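> Pasting the sequence and the predicted model now:
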Amino acid sequence: MLLRSDVEVPRTGVLRTFTIASFAAEGVKVPFVAGVVDCGGTSVRGNIVNLPPDPEHVILGMKVRLTTIPVGTDQSGVEAVNYGFEPAD
């Protein structure tokens with residue numbers, strides 16, 4: 001039986017693994033970096049943003065922090081926002 005409970009998840013963490021995506025669904029800009037961030041023992045999946053999507057800039061073990069990013073605008077002009085992680089240094 002799986003038990004669930006609320007857990008405080010820090011807004012900062014360490015990049016544990018990543019991939020640089022070179023293709024995606026129509027309308028998604030590539031390349032982009034998808035990663036897994038260790039936030040105080042909780043693994044969080046998210047894009048790594050605000051840095052070039054190449055291995056010279058994306059480094060395992062780098063410290064990152066939670067941020068928000070615009071991902072599009074609907075027909076009414078309402079902007080959609082998602083989360084990602086950016087370098088903390």
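Right, received. Where do you want to start?
> tell me which strands and helices the lowest-mean-pLDDT helix or strand in the chain is in contact with?
Ranked by mean pLDDT, DSSP states H and E, the weakest helix or strand in the chain is strand 63-73, scoring a mean of 94. Judged by 3 or more Cβ pairs under 8 Å, 6 or more residues apart in numbering; DSSP states H and E, strand 63-73 is in contact with strand 12-21, strand 79-87. C-betas here are computed from N, CA, C, even on glycine.
> please redo it, this time with the cut-off set to 10 Å
Helices and strands touching strand 63-73, by 3 or more Cβ pairs under 10 Å, 6 or more residues apart in numbering; DSSP states H and E, are strand 12-21, strand 32-39, strand 42-48, strand 79-87.
> can you list contacts of the third one?
Residues outside strand 42-48 that contact it (Cβ atoms under 10 Å, 6 or more residues apart in numbering): 7-11, 13, 15-18, 20-21, 32-39, 53, 57-58, 62, 64, 66-67, 69, 71, 82-87.
> please redo it, this time with the cut-off set to 6 Å
The contact list for strand 42-48, computed with Cβ atoms under 6 Å, 6 or more residues apart in numbering, reads 9, 32-37, 58, 84-85.
> What's the ChimeraX line that selects buried ones from those residues?
Those of the contacts of strand 42-48 that count as buried under 16 or more other Cβ atoms under 10 Å are selected in ChimeraX with:
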select :32,33,34,35,36,37,58,84,85
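> could you measure the closest residue to Ile48 other than its chain neighbours against Val7, distance?
Leaving aside its chain neighbours, Ile48 sits nearest to Val33 (4.1 Å; criterion: Cβ to Cβ, 6 or more residues apart in numbering). Distance of Val33 to Val7, computed by Cβ to Cβ, to the nearest Å: 25 Å.
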